[in-house]
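[1] This is a predicted model, with the sequence first.
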Amino acid sequence: MIDRLKKAPFIMVTAFSYFIIYFPIFVIVLLSVNASPSGQTFTEFSFVWYKEIFLNERLLTAIFNTLLVAVISTAVATVVGTLTAIGINSLTKTYRIRFMILNNVPVINPDIVTGLSLMLVFSLLPISFGMPTMLLAHIFFSIPFVVLTVLPKLKELDPNLMDAALDLGCNYFEGVVKVIIPSIKTAIIAGALIAFTMSIDDFVISYFTTGNGFQNVSIWIYSRLGRRTFSPAVYAYNTLVVFLTIGVLGYINVNNIIRVKRRSEK
Amino acid sequence: MKHLRKLSYPYLVWMVLLVFVPTLLVLLLSVSDLDVFNAGPFRLTFEWIEFLGKPKVTNAVRNSIYYSFLATFFSFLIGYPVAYYLASLKTRFKTFYVTLLIIPIWSNMLLRIIAWEKLFFPISILNMFGISFDLIGTDYAILIGMVSMYLPFMVLPIYSVLEKMDRSLVDAAKDLGANDFQTFYKVIFPLSISGVVSGTIMTLLPAMTAFALPERLGAGKIQLIGNVIEDYFLKTNNINAGSLISILLMVVIVFMFIAILRFDKEGETLI
């Protein structure tokens, strides 16, 4: 596509955009190994903040809360989202499109609108703000992403697959669990990964739907900005999360490449 | 297949409950003195309208439009060539390069904002490389921060459309005598328009509603509509006036929604 155009400007713009996107991440990594508590200057290389993660009790609680909400909301969103996508896929085209419009509302809506909307609904329900409301909110914004990831894969499936399963003696439940779900496994895993990462990094929606002092890492950070209780240990935590994400994605990518290779060798 | 339809019904109920009910609630709150946390009798009132004329709010609206349009414009200017270049790559590292764009979205946004904030002060960690910025509280700080945060949202939808484009159309255009520029604006760009629309909206809306970013990078001097909403909903407990202001946002969102629907019915460019 670009063969006749000069490549150099494209490479430069691309390099610049990776730079501007990655620069803050690089700074976070640098701050995580910097002994200075203020992070204003680089004083000394040190892993002290990595140790501090496990010593700062409030931060540790926030990390635990983040993971707890992420694990439960991902599990629920993956199951509900997958089943819903199977349902949506079997609708007629007109209804499918209408349904997807509704599904995409939380995806397109800015976080702050989703956050305040949920806050208002929850205030009418007989539940107290805190972990349960934040969990419901995370389930709410995760499901659409699972649906969006799973649905394209479902569309690729042979529409006769389910009928074949039924003819061969499966009931509806078995047909879904033994035939459809295994054939969309990769998309389900991708959807779950997206849901999980969205959940652990969410700030705005959590901020609007929490209460009673229940804090995840983002709220912990926000409530301590510019205060003395802010600890650079959170840079260390974030660095670990980033490398873990890269590791998981790298592992999946490598596995995929190996699988493709094996298939082409056969 | 038809029996599987039932699987989508619970989600329909759930979405109606959590999407339509709050929208109606926002509408009701903005024209009444209903207290959501102590629901009881209420009366209709239009007293919240005067909030729309307050300098705090009009400034925030102006700032929101100004910064989000500029940030989106620059993101498009940078993002389109990047998406175009990535889509044209033929190496097997292609997916790897695209994945690299997504990873930063999964790093905590507040911390990335703090990282920029620290760099924009004259005394910063960058001094060790002999660099010093004094940008905190300026337009540049906010725009650099926004582009850095939202650029991937512009690149990814455009990339996914260009990736799927039939390459033989480009060859056909060239065979028929179009030069590079004509091929681009008569064939490639019109075919990528759905990605451009999604990318623009996915950049514009978060930029318009940001509140942590302008607060930190604007050194507390620059307020966007998100700051006003945060203030009214969570700090000064003025939910009714806050609702009226969020209706302004919702109107914008509805128009954006219609734009996306016009080009991408099932939201295939959204992920």
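    Great, that's in hand. Numbers count the residues shown, from 1 in each chain, chains lettered A, B, ... in the order given.
[2] Does at least one residue of whichever helix or strand residue A:136 is part of sit close to chain B?
    Using DSSP states H and E, residue A:136 falls within helix A:131-156. Yes - residues of helix A:131-156 contacting chain B under Cβ under 8 Å from any Cβ of the partner chain: A:140, A:143, A:145, A:148, A:149, A:151, A:152. (Each C-beta comes from the backbone N, C-alpha and C, glycine too.)
[3] Go through those residues and name the one nearest residue B:226.
    residue A:140 (19.8 Å; Cβ to Cβ).
[4] ok, the closest residue to the closest one other than its chain neighbours - how many residues close by?
    Spatial nearest neighbour of residue A:140, chain neighbours left out: residue B:18 (5.6 Å); criterion: Cβ to Cβ, 6 or more residues apart in numbering or on different chains. Applying other Cβ atoms under 10 Å in any protein chain shown, we find 21 residues neighbouring residue B:18.
[5] quick one on the thing from earlier: just the buried ones from the residues of helix A:131-156 next to chain B?
    A:140, A:143, A:145, A:148, A:149, A:151 (16 or more other Cβ atoms under 10 Å in any protein chain shown).
[6] Any buried residues in the top helix by length along chain B, and which?
    The residue-count maximum for a helix in chain B (DSSP state H) belongs to helix B:55-88. For helix B:55-88, a neighbour-count test (16+ other Cβ under 10 Å) marks B:57, B:60-61, B:63-64, B:67-68, B:70-72, B:74-76, B:78-88 as buried.
[7] What segments of the stretch 1-150 of chain B are helices?
    B:9-15, B:21-30, B:49-52, B:55-88, B:94-102, B:109-119, B:139-164 (DSSP state H, counting those that start in this stretch).
[8] which residues are there in the stretch 151-271 of chain B that come within reach of chain A?
    Residues of the stretch 151-271 of chain B lying near chain A (Cβ under 8 Å from any Cβ): B:151-152, B:155, B:167, B:170, B:180, B:188, B:201-202, B:205-206, B:208-209, B:211-212, B:216, B:226, B:229-230, B:233-234, B:239, B:242-243, B:246, B:249-250, B:253, B:256-257, B:260-261, B:265-268, B:270-271.
[9] Kindly give a single ChimeraX line that selects the buried subset of those residues.
    This is the ChimeraX syntax for the buried subset of those, where burial follows 16+ other Cβ under 10 Å:
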select /B:151,152,155,170,188,201,202,205,206,208,209,211,212,216,226,229,230,233,239,242,243,246,249,250,253,256,257,260,261,266,267,268,270,271
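[10] Filter the residues of the stretch 151-271 of chain B next to chain A down to the ones in helices?
    Using DSSP H, those in helices are B:151-152, B:155, B:170, B:180, B:201-202, B:205-206, B:208-209, B:212, B:216, B:226, B:229-230, B:239, B:242-243, B:246, B:249-250, B:253, B:256-257, B:260-261.
[11] Any chance of the helices of the stretch 1-150 of chain B in CSV with mean pLDDT as columns?
    Putting those into CSV (pLDDT from 0 to 100) gives the following:
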stretch, mean pLDDT
helix B:9-15, 88
helix B:21-30, 89
helix B:49-52, 78
helix B:55-88, 93
helix B:94-102, 84
helix B:109-119, 91
helix B:139-164, 92
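[12] Residue A:251 is nearest to which of these?
    helix B:94-102 (12.0 Å).
[13] Buried residues in the helix or strand harbouring residue B:190, which are they?
    Assessed by DSSP H and E, residue B:190 sits inside helix B:189-191. Within helix B:189-191, the residues scored as buried using 16+ other Cβ under 10 Å are residue B:191.
[14] what packs against that helix?
    Of the remaining helices and strands, none touches helix B:189-191 by 3 or more Cβ pairs under 8 Å, 6 or more residues apart in numbering or on different chains; DSSP states H and E.
[15] Let's test this: mean pLDDT of that helix, rounded?
    The average of the pLDDT scores along helix B:189-191 is 89.
[16] can you check stretch A:210-218 too?
    Mean per-residue pLDDT for stretch A:210-218: 89.
[17] now what about it, what contacts it?
    Residues outside stretch A:210-218 that contact it (Cβ atoms under 8 Å, 6 or more residues apart in numbering or on different chains) are A:58-59, A:61-63, A:65-66, A:69, A:128-131, A:133-134, A:200-203, A:206-207, A:219, A:223, A:234, A:237, B:108-110.
[18] just how off-centre is that stretch within its chain?
    19 Å (Cα atoms, centre = their mean, to the nearest Å).
[19] can you check stretch B:178-186 too?
    With Cα atoms, centre = their mean, you get 30 Å for stretch B:178-186.
[20] before we move on, the earlier item: and the helix holding residue A:136, what's buried?
    A:131, A:133-151, A:153-154.
[21] Between the two ends of stretch B:224-236, what distance do you get?
    Start-to-end span of stretch B:224-236 (Cα to Cα, to the nearest Å) is 17 Å.
[22] Name the residues that touch it?
    By Cβ under 8 Å, 6+ apart, the residues outside stretch B:224-236 that reach it are A:110, A:112, A:116, A:119, A:207-208, B:56-57, B:60-61, B:63-64, B:67, B:208-211, B:214-215, B:238-239, B:241-242, B:245-246, B:248-249.
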